[in-house]
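S.K.: Dropping a prediction and its sequence here:
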Amino acid sequence: MGRNERILVVEDDEDLCALLCRFLASEGYAADGVHDGKAAVSRVKADPPDAVVLDVMLPGMNGFEVCQELKFHRDTTLVPILMLTALSDHESRQKGLWVGANAYVTKPYDPTDLAGKIRRLLDHT
């Protein structure tokens with residue numbers, strides 16, 4: 001179980017965002033969600049969470065841009081980012097890791113696998 005670490009879920013599909021937040025809460029995390037890239041950057045810079053679960057296809061700024069912005073900012077560079085996206089091609093995966101994502105998971109995902117990846121990210125920070 002989580003140790004009440006805070007996780008920000010960035011997902012433009014509000015129902016999926018709520019589902020992910022509920023799932024993470026059931027795993028012991030304090031999860032909150034935002035629905036666009038610019039809101040994610042603002043929220044993380046204002047009050048960095050322990051980790052970010054980040055979709056790629058977002059309004060305003062896409063997930064690659066969000067990740068790059070956060071990883072290149074001194075105060076947020078150490079926040080682990082797990083990209084969770086439907087983009088499963090090799091190029092997208094490589095781009096996600098290139099802009100600084102610590103992990104890249106494709107939808108549909110196995111909840112147990114997702115929880116394990118998040119735990120490993122948090123354990124290594």
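M.R.: Structure's in. What do you need?

S.K.: Please name the bridge partners of the residue nearest the centre of the chain.
M.R.: Most central residue of the chain, judged by C-alpha distance to the mean C-alpha position with Cα atoms, centre = their mean, is residue 53 at 1.5 Å. The partner list for residue 53 in beta bridges (DSSP bridges) reads residue 9, residue 82.

S.K.: Am I right that it is in contact with residue 118?
M.R.: Yes. Using Cβ atoms under 8 Å, residue 53 is in contact with residue 118, at 7.2 Å. For glycine as for every other residue, the C-beta is placed from the backbone atoms N, C-alpha and C.

S.K.: related to what we said a few turns ago, now do the contacts for the residue nearest to the centre of the chain.
M.R.: Residues near residue 53 by Cβ atoms under 8 Å, 6 or more residues apart in numbering: 7, 8, 9, 10, 11, 20, 24, 82, 84, 118.

S.K.: Just give the closest residue to residue 64, not the sequence neighbours.
M.R.: With Cβ to Cβ, 6 or more residues apart in numbering as the criterion, residue 64 has its nearest non-adjacent residue at 5.1 Å, and that residue is residue 99.

S.K.: Report the separation between that neighbour and residue 75.
M.R.: 17 Å (Cβ to Cβ, to the nearest Å).

S.K.: swap in residue 4?
M.R.: Taking Cβ to Cβ, one finds residue 4 at 22 Å from residue 75.

S.K.: Output stretch 109-125 as CSV, restricted to C-alpha atoms.
M.R.: Below are the C-alpha coordinates for stretch 109-125, written out as CSV (Å, rounded to 0.1, in the frame of the first residue of the first chain):
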residue,chain,number,x,y,z
TYR,A,109,-3.1,-1.4,-18.9
ASP,A,110,-3.2,-4.0,-16.1
PRO,A,111,-4.0,-2.2,-12.8
THR,A,112,-1.7,-4.4,-10.8
ASP,A,113,1.2,-3.7,-13.3
LEU,A,114,0.4,0.1,-13.1
ALA,A,115,0.4,0.0,-9.3
GLY,A,116,3.7,-1.8,-9.3
LYS,A,117,5.4,0.6,-11.7
ILE,A,118,4.2,3.6,-9.6
ARG,A,119,5.5,2.0,-6.4
ARG,A,120,8.9,1.4,-8.0
LEU,A,121,9.0,5.0,-9.2
LEU,A,122,8.3,6.3,-5.7
ASP,A,123,10.7,3.9,-4.1
HIS,A,124,13.5,5.2,-6.3
THR,A,125,13.1,8.9,-5.5
